[in-house]
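[1] Sharing a model that was predicted from the sequence below.
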Amino acid sequence: MMTKVLIGVAVVIVLLVILVATRPSTFRVRRSIAIAAPPEAIFARVNDFKAWRDWSPWEKIDPNMTRTLGGSPAGEGATYAWVGNGQVGSGSMTIVRSERPSRIEIRLDFVKPFKGTNQARFTFEPAPGGTTNVTWDMDGRMSFPAKAISLFMSMDKMIGGQFDKGLATLKTLAEADAQPTATATAAAR
């Protein structure tokens, strides 16, 4: 009887390993929002890591995290390292491409809770009516443990909501900044 139980457990483990191994080895999380502000104004808030304290969702999760800024003051070569609580972990970011005012690419190197390297991109596309379509996406490779976790929780569900929160805060700030400019332009007419 015990032999049959052990064989059954072994079969289940092998099937789980096969199932995990067949999961996708990459992921992508993507969110977009329309913001009533010019691309240049929104771009400036993302291109300067000092400005991330105002809108990044992870800053609100752990306001006591340690931050170290380095490299260029903004744009290509700017760096941001953090050490935070269990929810934000630790790691670093480097802006590897900055095309004013349309695109920013960031290399993310995570240390905790899991090691990994991902790529994030922000794009800023002018749209009719003076709005800008802002897209924040991130992609990376999935390790075997991450694939196992993805059986129960997708990367999209784990961080997509944080992207939504960050973009909503970015929208609020950029639109508030754009309001005085719109009022001044209307008054000048």
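    All right, it came through fine.
[2] Now for residue 137, how many residues are close by?
    15 (other CB atoms under 10 Å). Every residue, glycine included, has its C-beta placed from N, CA and C.
[3] ditto for residue 39
    Counted with other CB under 10 Å, the neighbours of residue 39 add up to 22.
[4] Next: residue 105.
    With other CB under 10 Å as criterion, residue 105 counts 16.
[5] The nearest residue to it once chain neighbours are set aside and residue 133, how far apart?
    Excluding the flanking residues, the one nearest residue 105 by CB to CB, 6 or more residues apart in numbering is residue 97, at 3.9 Å. In this view, residue 97 and residue 133 are 19 Å apart by CB to CB, to the nearest Å.
[6] And for residue 4?
    Taken as CB to CB, the span from residue 4 to residue 133 is 59 Å.
[7] The two - which one has more neighbours?
    residue 133 (14 against 8).
[8] The more buried one pairs with what?
    On the basis of DSSP bridges, residue 133 is bridged to residue 34, residue 125.
[9] distance of it from residue 25?
    Residue 133 is 30 Å from residue 25, where distance means CB to CB.
[10] For the protein, just list every one of the helices.
    For the chain, the helices defined by DSSP state H occupy 2-21, 39-47, 52-55, 57-61, 144-149, 155-188.
[11] Export those as TSV, with columns for mean pLDDT.
    TSV is the format used below for the helices of the chain (pLDDT from 0 to 100):
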stretch	mean pLDDT
helix 2-21	77
helix 39-47	96
helix 52-55	95
helix 57-61	90
helix 144-149	71
helix 155-188	81
